[in-house]
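A.B. asks: just the structure for this:
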Amino acid sequence: MSIGRAEKMVTVNQRILFEEVETYSNHVIGVATLNAEASLNALTLEMIDSLSARLEAWQADELVVCVVLQGAGEKAFCAGGDIVQLYQSMKAHPTGPNPYAEAFFSREYQLDYLIHTYAKPLICLGHGIVMGGGLGLMAGASHRIVTESSRIAMPEITLGLFPDVGGSWFLNQMPERIGLFLGLTGASINATDALYLGLADHFLESGKRSALLPLLKEADWTGVPDVNHMLVTMALMQLSAGETDKKPAAQVEAHQALIRNVTRGRSLVKVCEQILALDTGDSWLRRAQQNLQRGCPVSAHLVWHQTREGRYWSLEEVFEHELRMALQCTRHPDFAEGVRALLIDKDNQPRWQYASVAEVPESWIEPYL
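C.D. replies: As a prediction, this is how the structure comes out:
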């Protein structure tokens, strides 16, 4: 269920909807809806360009006081980027240059950076699946909402990529090397975990999403962004009051001491060995181990780099470094092979360039960095 049909439709596009809703104070709320349910609202280059242009227009419009970003349907906010098109471009340009990949990653990261630095309140409804590029959209929003159905992950290690879209930023904001663990294992987290790790700000029972827009319409909006940020926070606190009993059980915090121990080590090889050596019956940890075991060894090295060096990068530098790394991924065989195994042939048997993390030579990683 989306937050509601607005009074005035601005733009309708097959994959993204833009609406403007008048408030009682004669201001405007912009509503952007990713509208590709069949692909779990995966981002295409066209969607990225449309959303970027609309957000910039709303930012410049004095009447627009707030923006809401959501996904159509119940299954997902956004499951990531449309990597099938990327796969096709990599097959056509195996060693680069790859015009489509350059356009896709550079414009996607520009959109993510715009959201991080947006001058007005931007609410993201992270309901359902929020993965990869979807988390890139959500991570920078000023007000990030999760529900009991939120399932959040950066599973790029299973694809031969790395946690991009600002992952070098938000993974390094997490305590006690949890970002390293999540990057290496692609482990999925829930709403309670997201709140604990600073990836979300408010928990809202999914059935209350339809009440958000009417409540925002009633606010006493001003021309001062700081005041409007406070108005959004107050509205979300009012709407989410008394919802603590509906939050899912914590996964990350419950295992924090264990995660701290297994990620303690001066080498990537050592850390991976410690994670894989865990003797556990916990299903969440076992899935994390399986992702690392089956994941791309080169990707593990990239995660190691971005969670060690990335902590010193500014937000702008994060996206610059990630753009270089992502384009190198398109020029090396593992990324295309990961997509093939998972989404094209669906045999789930990727043939990585190296069989283990220990076998990857430094000379193979240097071009990415």
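A.B. asks: could I get the full set of strands for the chain?
C.D. replies: Secondary structure of the chain (DSSP state E): strands at 8-12, 16-22, 28-34, 64-71, 76-78, 122-126, 129-131, 143-146, 151-153, 202-203.
A.B. asks: mean confidence for the last one?
C.D. replies: Averaged over strand 202-203, pLDDT sits at 96.
A.B. asks: of all the strands of the chain, which lies closest to residue 233?
C.D. replies: Judged by Cβ to Cβ, the one of those that comes nearest to residue 233 is strand 143-146, at 6.9 Å. Using the backbone N, CA and C atoms, a C-beta is placed for each residue, glycine as well.
A.B. asks: so for that closest one, mean pLDDT?
C.D. replies: For strand 143-146, mean pLDDT rounds to 98.
A.B. asks: one more: stretch 342-361?
C.D. replies: The average pLDDT for stretch 342-361 rounds to 96.
A.B. asks: chain center to it, what's the gap?
C.D. replies: 23 Å (Cα atoms, centre = their mean, to the nearest Å).
A.B. asks: may I see the buried residues of it?
C.D. replies: Of the residues in stretch 342-361, 342, 350, 352, 357, 360 count as buried by neighbour count, 16 or more other Cβ atoms under 10 Å.
A.B. asks: hang on, residue 219 packs against residue 235?
C.D. replies: Yes. With contact defined as Cβ atoms under 8 Å, residue 219 and residue 235 form a contacting pair (6.1 Å).
A.B. asks: what's stretch 304-321 in contact with?
C.D. replies: Applying Cβ atoms under 8 Å, 6 or more residues apart in numbering, the set of residues contacting stretch 304-321 from outside is 109-110, 112-113, 116-117, 162-163, 166-169, 171-172, 177, 179-180, 183-184, 268, 271, 322, 325, 365, 368-369.
A.B. asks: please read the previous query as pertaining to stretch 109-116.
C.D. replies: 48, 51-52, 55-56, 122, 136-137, 139-141, 164-166, 315-316, 319, 322-323.
A.B. asks: switch to 7 Å and redo it
C.D. replies: In this structure, residues lying in contact with stretch 109-116 by Cβ atoms under 7 Å, 6 or more residues apart in numbering are 48, 51-52, 55, 122, 136-137, 140-141, 165-166, 315, 319, 322-323.
A.B. asks: for PyMOL, what selects the buried ones among those residues?
C.D. replies: If you want just the buried ones from the contacts of stretch 109-116 in PyMOL, going by 16+ other Cβ under 10 Å, the selection is:
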select buried, resi 48+51+52+55+122+136+137+140+141+165+166+319+322+323
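A.B. asks: now, the most widely separated pair of the contacts of stretch 109-116?
C.D. replies: Every pair in the contacts of stretch 109-116 was compared (Cβ to Cβ); the two farthest apart turn out to be 122 and 323, at 22.5 Å.
A.B. asks: quick one: contacts for the residue nearest to residue 186 when sequence neighbours are not counted?
C.D. replies: Nearest residue to residue 186 in three dimensions, chain neighbours excluded: residue 155, at 3.7 Å (Cβ to Cβ, 6 or more residues apart in numbering). Taking Cβ under 7 Å, 6+ apart as the definition of contact, the neighbours of residue 155 are 131, 186, 291.
A.B. asks: if we go to 8 Å?
C.D. replies: 131, 132, 186, 188, 291.
A.B. asks: tell me how far the most centrally placed residue in the chain lies from residue 43.
C.D. replies: In the chain, the C-alpha closest to the average C-alpha coordinate belongs to residue 135, at a distance of 1.3 Å (Cα atoms, centre = their mean). Taking Cβ to Cβ, to the nearest Å as the measure, residue 135 and residue 43 are separated by 11 Å.
A.B. asks: likewise for residue 110?
C.D. replies: 13 Å.
A.B. asks: so between these two, which is more surrounded?
C.D. replies: A direct count of neighbours by other Cβ atoms under 10 Å for residue 110 and residue 43 places residue 43 higher, at 28 against 15.
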